[in-house]
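[1] Below are the sequence and a predicted model for it; my questions follow.
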Amino acid sequence: MNICGDYEALNLMVEEALQYTKHGKVANYIPALSTANRDLLSLSIYEGESTVASAGDTFKTFTLQSISKVLALALALMDKGEDGVFSRVGMEPTGDPFNSIIKLETHSPSKPLNPMINAGALAVTNMIEGNSVDEKLGRLLSFIHELTGNSSITFNEQVAISEYNTADLNRSLAYFLKQHDVVTGNIERLLELYTKQCAIEVNCEDLAKIAYVIGNEGRHVETGRSIIPLHIARIMKTFMTTCGMYNASGEFAIKVGIPSKSGVSGAIMASVPHGPGIGIYGPSLDEKGNSIAGMKLLESLSHRYDLNIF
Ligand code: GLN
């Protein structure tokens, strides 16, 4: 498939999807995200062997937010194995908003239902090995450097602090989980790590490369060396399909049918199995916290290039 060569069509699809940005809003519960430009939409597609196409304002950087949950999960699975990770977090979609607390209380045991909701992601981040926040974050960043081939990627301090200072709901989730022995250790350090992880900053091309590795059996984009064990890459794609777009994952699977993960910055990472990796940034969000124009763009891409995996 040579999607990257279809340059005019890609630009046109971005132009068409751009009109949907005016129907959404940028996230404002993290104050630093509220200054984003609602009218942006950018796209990168990576097809391996340095073949990349981009449209829109592609060098614009943004924070990973919830997309980081997929990468933290991979690291925790490499550190603790499936039994270790899934003893503390489940495998089922919730149908609730990403930051919901309700099922923690009504389900017994009080284990978060999956690693893509905030409660589950906090439990997963708590399992990353390392002696300090810096060491754990450093391991996650090195992993991302390897996935993208871009060793300048770091976290945005301003976004991290802005979230840390206002993360009272995530704090409540984490303290609740500590009470129920799902997380251990100092909760403020966990919040520090989680908010820094969410504030890791990339551009669309970086995101498309990460998506490509996940979609292509966890192999390095150039050398073919295994960076993510195959069974872990499968788990990542499965969670992206069942829970990656929060409580819109079912509708998204029907309309787009590509394993994808969104973040409240407006980013979406989509991994076509044995196909292209797609990175999108469009900060105007719908009421569920997904990029409104980004989802429209993925729908067009999926139709035009027959990318639906079902
Ligand atoms: N950092 C964000 C939070 O925890 C991530 C959520 C998201 O992108 N949906 O609220």
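    The structure has been received and is ready for your questions.

[2] Quick check: Gly279 is in a helix.
    No - with DSSP: H, G, I helix; E, B strand; the rest coil as the criterion, Gly279 is located in strand rather than a helix.

[3] Need the three-state assignment for the closest residue to it other than its chain neighbours.
    With CB to CB, 6 or more residues apart in numbering as the criterion, Gly279 has its nearest non-adjacent residue at 2.9 Å, and that residue is Leu207. Glycine gets a C-beta too; all of them are placed from N, C-alpha and C. Judged by three-state DSSP, the three-state class of Leu207 is helix.

[4] What about Leu207, how many residues nearby?
    29 (other CB atoms under 10 Å).

[5] Give me the distance between it and Asn170.
    23 Å (CB to CB, to the nearest Å).

[6] do Ile258 as well
    Ile258 is 28 Å from Asn170, by CB to CB.

[7] How many residues are close by Met78?
    So Met78, with other CB under 10 Å, has 16 neighbours.

[8] surely it meets Ile232?
    Yes - in this structure, Met78 is within contact of Ile232 by CB atoms under 8 Å, at 6.7 Å.

[9] so who does the closest residue to Leu285 other than its chain neighbours touch?
    Nearest residue to Leu285 in three dimensions, chain neighbours excluded: Gly24, at 5.0 Å (CB to CB, 6+ apart). Counting by CB atoms under 8 Å, 6 or more residues apart in numbering, Gly24 touches 38, 284-286, 291-293.

[10] pLDDT wise, what is Gly24 at?
    Per-residue confidence (pLDDT) for Gly24: 96.

[11] Point out the residues in the stretch 151-300 of the chain that sit beside the ligand.
    163, 170, 198, 263-264, 289 (CB under 6 Å from any ligand atom).

[12] Out of those, list just those in helices.
    Per DSSP state H, helices hold the following members of those: 163, 170, 198.

[13] Which residues outside stretch 98-114 are in contact with it?
    Contacts of stretch 98-114 (CB under 8 Å, 6+ apart): 66, 88-94, 96, 116-120, 122-123, 169-170, 172-173, 176-177, 180, 182, 239, 242-243, 246-247, 289.

[14] average pLDDT for that stretch?
    82.

[15] Extract the C-alpha trace of that stretch and format it as CSV.
    Taking only C-alpha atoms (Å, rounded to 0.1, in the frame of the first residue of the first chain), the coordinates of stretch 98-114 have been written out as CSV:
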residue,chain,number,x,y,z
PHE,A,98,-12.0,7.8,31.5
ASN,A,99,-11.8,9.4,34.9
SER,A,100,-14.8,7.7,36.5
ILE,A,101,-14.6,6.5,40.0
ILE,A,102,-17.9,4.7,40.2
LYS,A,103,-17.0,1.1,39.3
LEU,A,104,-14.1,1.1,41.8
GLU,A,105,-16.6,1.2,44.6
THR,A,106,-19.3,-1.0,43.1
HIS,A,107,-17.0,-3.8,41.9
SER,A,108,-15.4,-6.3,44.2
PRO,A,109,-12.4,-6.6,44.4
SER,A,110,-11.7,-2.9,43.8
LYS,A,111,-9.4,-3.6,40.9
PRO,A,112,-9.7,-1.1,38.0
LEU,A,113,-11.4,-2.7,35.0
ASN,A,114,-8.7,-1.9,32.5
